[in-house]
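Colleague: Sequence below, structure please.
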Amino acid sequence: MDAVKFMDYLSQTDKQVKFTIGNITIPENYHISELKNASYQSVDCGKVFHEWQETVLHIFLPPGEDQHQSNMDTRKLLSLFKKCNSSLKFNASSRLIIEYSLESQGALSLYQIGRAVEHEDSLNIELVPKVAECKPLTEGTCSTSYGAP
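Modeller: Predicted coordinates:
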């Protein structure tokens, strides 16, 4: 899902926003510490140049904060996106990536939105890991033995 579609989705509901990773719900006292535009340039294993942008939402869990605070609601999250978009101008085609560190893993991990599910009182954003990819293999242009037909 891209940032512009996510903003549109947020504008259509007024609920608490919950983020989940598998069967783990990110605690309610999460903090959106950063929204950023990331631009990438790369050369893949087939020597092909690529350029793309991603919009990155960083979710931070403050240590020692009140664990009973409520989730951010869609209006507040949309307001944050709009405020940042007025400065950053999100690329409409850029993928939305979520950065978060599960306490059990320690390291910062990258996620994408798998799906958004509306419940009576909440919008549950289900996050799935961003996986490594080989562009030539995905595009069918890979010339290595593992990419051969």
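
Colleague: C-alpha only now, for contacts and for neighbours.
Modeller: Will do.

Colleague: can you tell me the helix or strand for Asp8?
Modeller: For Asp8, the enclosing helix or strand under DSSP states H and E is helix 3-11.

Colleague: meant to ask about Glu133
Modeller: Glu133 is located outside every helix and strand, with elements delineated by DSSP H and E.

Colleague: The lowest-mean-pLDDT helix or strand in the chain: which residues count as buried?
Modeller: One helix or strand of the chain scores below all others by mean pLDDT, DSSP states H and E: helix 135-139, with a mean of 77. Buried positions in helix 135-139, judged by neighbour count with 16 or more other CA atoms under 10 Å: Lys135, Pro136, Leu137.

Colleague: Just the strands from the protein, written as ranges.
Modeller: Counting by DSSP state E, one finds strands in the chain at the ranges 16-21, 24-25, 31-43, 49-60, 95-100, 109-118, 122-129.

Colleague: Serialize those strands to CSV and add fields for mean pLDDT, mean neighbour count and distance to Ala3.
Modeller: Shown next, in CSV, are those (pLDDT from 0 to 100; neighbours: other CA atoms under 10 Å; distance: least, CA to CA, whole Å):
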stretch, mean pLDDT, mean neighbour count, distance to Ala3
strand 16-21, 94, 20, 16
strand 24-25, 91, 12, 22
strand 31-43, 92, 13, 10
strand 49-60, 92, 17, 6
strand 95-100, 94, 21, 5
strand 109-118, 94, 16, 11
strand 122-129, 94, 18, 14
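
Colleague: Ile59 reaches Leu108, doesn't it?
Modeller: No: in this structure, Ile59 is not within contact of Leu108 by CA atoms under 8 Å, at 10.1 Å.

Colleague: Need the residues that contact the helix ranked longest in the chain.
Modeller: The longest helix of the chain (DSSP state H) is helix 74-88. The contact list for helix 74-88 (CA atoms under 8 Å, 6 or more residues apart in numbering) reads Met7, Leu10, Ser11, Thr13, Asp14, Lys15, Gln16, Val17, Leu35, Lys36, Asn37, Leu123.
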